[in-house]
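Just need the structure, nothing else, for what follows:
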Amino acid sequence: MTRTVIITGASSGIGKEAALALASGGADVAVVGRNAERTRAVADQVGGTAFLADFDRLDDVRSLADRLLDRYPTIDVLANNAGGLVSDHELTSDGHERILQSNHLAPFLLTRLLLPRLQESGGRVVSTASVANMFGHVRLDDLNWTKRPWLGGWRQYGTSKIETILFVRELARRTGLEAFSFHPGIVKTGFGQTSPMWRMANVLSNGNYGISAKAGALPLIQLAGPSTIGVPSGTYFDQLKPDGLRTRQAKDDLLAEALWDRTSAIVGLPSEV
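A predicted model of the protein is given here:
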């Protein structure tokens, strides 16, 4: 039976590479992206279906979930790969800081809306996190990062990756679904292109800072593939190695539960699943 794999942020970078690899292995890939031309081009390339959505608008996420549920009677894998870093502190039309919304609120909402179908299908959730979690710090009273220095958004980016790891752990605990997060490595993609620090790193390395998108996609391909993972659900991987480096907060079960409850309230869903 053909496996259905949904990949957000699949129009470029590691999402695109994972879509190519998983489709070549026989999966029916839903290619989710914000850029219409690139998203449709990747969908055509992999023989999948393009779905356009801008995670800066939560109504786009809700519409995306409806379209995915209409299209796919089973969902085997949801790969929450979309997100990024913005160098300026900006709010979305929903009133949330952009990194928080694209990296945490939007994938949380999408997963929750697809959850019944994932549970029916015995599906798996895979979320792209980062070793950047080591320099983040979650404050439930300051999710929008208005009470702390912005510093180019890097600490908020790291914080969003703590939130990703916590979300996956709590999702596994509450639902029994297979759920994993991973750090892809330092990848040479369009990530962080608005950040002066990231641009400087590329200049100093003559554009050779980081690994290729194909190499960075390997953990996503493995975790979204048909093979048994062989480690407890909720595990965070550093590339292909389980139990990657995490800050203390990323291991805090009480914080995971509180963040789930707070995020549910923000996106207008009950905490219970």
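
Quick one: name whatever helix or strand follows the helix or strand of the chain with the lowest mean pLDDT.
Here the helix or strand of the chain ranked lowest by mean pLDDT, DSSP states H and E is helix 196-204, holding a mean of 43. Tracing the chain C-terminally past helix 196-204 and defining elements by DSSP states H and E, one meets helix 213-216 next.

Ile165 belongs to a strand, doesn't it?
No. Going by DSSP: H, G, I helix; E, B strand; the rest coil, the assignment for Ile165 is helix, not a strand.

need the contact list for the nearest residue to His104 once chain neighbours are set aside.
Nearest non-adjacent residue to His104, counting by Cβ to Cβ, 6 or more residues apart in numbering: Glu163, 4.3 Å away. Any C-beta I mention is one placed from the backbone N, CA and C, and that applies to glycine too. Glu163 makes contacts with 100, 103-104, 138, 259, 263, as judged by Cβ atoms under 8 Å, 6 or more residues apart in numbering.

distance between stretch 77-88 and the chain's centre?
Remark: stretch 77-88 is offset 5 Å from the chain centroid, using Cα atoms, centre = their mean, to the nearest Å.

One more: stretch 173-193?
Relative to the centre of its chain, stretch 173-193 is centred 6 Å away, using Cα atoms, centre = their mean.

How about it, which residues are buried there?
By neighbour count on 16 or more other Cβ atoms under 10 Å, the buried set for stretch 173-193 is 173-175, 177-185, 187-189, 191-192.

among those residues, which are in helices?
Mapping the buried residues of stretch 173-193 onto helices (DSSP state H) picks out 173-175.

now those as TSV including pLDDT?
Compiled in TSV, these are given as follows (pLDDT from 0 to 100):
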residue	pLDDT
Arg173	98
Arg174	98
Thr175	98
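
nearest to Pro226, of the residues you listed?
When those are compared for distance to Pro226 (Cβ to Cβ), Thr175 comes out closest, at 20.4 Å.

How about the contacts made by that closest one?
Taking Cβ under 8 Å, 6+ apart, we find Thr175 in contact with 115, 119, 273.

Quick check: helices, which of these are part of them?
115, 119.

between the contacts of Thr175, which has the most around it?
Scoring those on neighbours with other Cβ atoms under 10 Å, the highest-scoring entry is Leu115 at 21 neighbours.

Once you drop chain neighbours, what's closest to it?
Closest residue to Leu115 apart from its sequence neighbours, by Cβ to Cβ, 6+ apart: Val273 at 6.1 Å.

how near is that neighbour to Gly176?
Distance, Val273 to Gly176, by Cβ to Cβ, to the nearest Å: 10 Å.

hang on, the earlier thing: could the contacts of Glu163 be laid out in a markdown table, adding neighbour count and pLDDT?
Listed next are these as a markdown table, based on neighbours: other Cβ atoms under 10 Å; pLDDT from 0 to 100:
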| residue | neighbour count | pLDDT |
| --- | --- | --- |
| Leu100 | 22 | 98 |
| Asn103 | 28 | 98 |
| His104 | 28 | 98 |
| Val138 | 23 | 98 |
| Leu259 | 23 | 98 |
| Thr263 | 23 | 98 |
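
Closest one to Ser130 out of these, please.
Asn103 (9.4 Å).
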